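Enquirer: 3D model of this:
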Amino acid sequence: MFTAANLQVIFDLLTKILIFLERPIVQLQIILIILTFLITWLLSKSLDFLRFKSKLPLKLNKLNQKSLIFINYLQFPLIALTLLILLNNFMNSQNWVNGLVIRTTTVTIIFTLYRLFLSISYIIFHKTTVKHYHYRFFIPLVLLFIGFQIINEITDIQQLANVVLAKFFDGVITIGGLLQATIGLYLWIYALSGIQDITYRLVKNKTTISSGIIEASLTLIRYLLIGLAILIALTNLGLNTATIAAITGGLSIGIGFGSKEILSNFISGILLLFEGALKPGDVINLDNEMATVKKLSIRSTTIITPNNVEKFVPNQTFLTSSVITYTGSDRVIRLLLPVGVSYNSNPEQVIELLIQVGQDHPEVLTTPPPSVYFIGFGESSLDFELAVWLDNPIVHKRVTSELNLAIWKVFNQHNIEIPFPQRVVHIQNN
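Expert: A predicted model of the protein is given here:
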């Protein structure tokens, strides 16, 4: 809880901040820094306009798309850094105090290196993956760094971090401990996720180990490190070992009663990862709906339907129920199209035309080749089946539609009738 001493510390810090901001040379530096970044923004927008008018982005795109990425990410920080260096030199020539400008220049250098790192990442790695960590990890990290630099310039950040917010059991919660236990834990979790992704790609490309075993091992290590980080976070909150043991013991009892499903999904996820029964990119049929596996995690599996709808399926579903996979050993599937023609048709001609339709479609495999089966004599039709092979199960519905349309056209050209069921009703008068 807050004490008079803690309140006095915060009051003294606020007083120092106000005194610092009231100094004319500090106000001058703040105004100059704001003007510098305003000019930077105007120059950056002007360069964007000139590039657009001269169609330079289009030329760069054709010549080297990577150059355009570097320009987009480094243009603003490099202009700002140049102007800040000029401002520093000017203030030194006038013998003005420029500590705040120097600190801003240092932060801008760090920011420039960060933007350089981002541009290289977008060039090397997949855009969606980099974008995910860009907004959820790197931006919070940079903002945190800049915030600490600003606070450290104004006051003693260590003194502020040691301010006690509350007492909990036998420990005390400080501002610094609370930040480490929240923001620090958040950044640690995302850092581990990024390290796992990079390690998975490197190990997968350099070894012959099953991708499922690699992903399962890395996932287990990540969760262990997250658990260790949680313990460290609790320690930073001022909790001793006995208190942590009491809290985790109480939680374990509650978890034992209410987390049977969670534990089952966790174990199922480990088994799925180690066995490699499902992999990202696999095409499955779940509840009579085709979908593509996007991601496997410890608790659930993310799948995407052809309608671009994401579903999170509990892992135990894949171990306790029947699931059809079209890509278990390979991605090749057979597509059967039933076709009925009138009894006036020549079966040999029908077979020849159906095989030709299958061969003409660009997505039908030539090996195995298309085949036709004369499966029987219906009530009003001769019944056939066209069998074709595809190497992409997810397109089977579209290919079926295109093949049916082609069959309709070729039958019309050769005057082959596709009959429909007919019934003759006799009405007897009594």
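Enquirer: chain center to stretch 374-383, what's the gap?
Expert: Taking CA atoms, centre = their mean, to the nearest Å, one finds the center of stretch 374-383 at 51 Å from the center of the full chain.
Enquirer: can you point out the buried residues in that stretch?
Expert: For stretch 374-383, a neighbour-count test (16 or more other CB atoms under 10 Å) marks 381-382 as buried. (C-beta placed from N, C-alpha, C; glycine too.)
Enquirer: which other residues reach it?
Expert: Applying CB atoms under 8 Å, 6 or more residues apart in numbering, the contact partners of stretch 374-383 are 338-343, 345, 347, 350-351, 384-385, 418-422.
Enquirer: and the buried ones among these, selectable in PyMOL?
Expert: Here is the PyMOL selection string for the buried members of these, based on 16+ other CB under 10 Å:
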select buried, resi 339+340+341+345+350+351+384+419
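Enquirer: average pLDDT for stretch 318-338?
Expert: On average, the pLDDT along stretch 318-338 is 83.
Enquirer: end-to-end on that stretch?
Expert: Across stretch 318-338, the terminal residues are separated by 32 Å (CA to CA, to the nearest Å).
Enquirer: hmm, who's touching that stretch?
Expert: For stretch 318-338, the surrounding residues in contact (CB under 8 Å, 6+ apart) are 268, 271-272, 277-278, 281-286, 290, 301, 317, 365, 383-393, 396, 399-400, 403-404, 407.
Enquirer: just the buried ones from those, in ChimeraX syntax?
Expert: Here is the ChimeraX selection string for the buried members of the contacts of stretch 318-338, based on 16+ other CB under 10 Å:
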select :268,271,272,277,278,282,283,284,286,290,301,384,386,387,388,389,390,393,396,399,403,407
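Enquirer: the contacts of stretch 318-338 in helices, which ones?
Expert: Mapping the contacts of stretch 318-338 onto helices (DSSP state H) picks out 268, 271-272, 317, 396, 399-400, 403-404, 407.
Enquirer: want to throw those residues into a markdown table with distance to residue 201?
Expert: Shown next, in a markdown table, are the ones in helices among the contacts of stretch 318-338 (distance: CB to CB, whole Å):
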| residue | distance to residue 201 |
| --- | --- |
| 268 | 25 |
| 271 | 23 |
| 272 | 20 |
| 317 | 28 |
| 396 | 31 |
| 399 | 33 |
| 400 | 36 |
| 403 | 39 |
| 404 | 42 |
| 407 | 45 |
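Enquirer: among the residues you listed, pick out the one closest to residue 306, please.
Expert: Among the ones in helices among the contacts of stretch 318-338, residue 396 lies closest to residue 306 (CB to CB), at 9.9 Å.
Enquirer: how many residues are close by the residue lying closest to that closest one once chain neighbours are set aside?
Expert: Once flanking residues are discounted, residue 396 sits nearest to residue 335: 5.6 Å by CB to CB, 6 or more residues apart in numbering. Residues within reach of residue 335, counting by other CB atoms under 10 Å, total 19.
Enquirer: wasn't residue 335 part of a helix?
Expert: No: under DSSP: H, G, I helix; E, B strand; the rest coil, residue 335 sits outside any helix and is assigned strand.
Enquirer: ends of stretch 307-325, how far apart?
Expert: End-to-end distance for stretch 307-325: 19 Å, by CA to CA.
Enquirer: picking that back up, who's the residue nearest to residue 396 bridged to?
Expert: Beta bridges link residue 335 to residue 388, judged by DSSP bridges.
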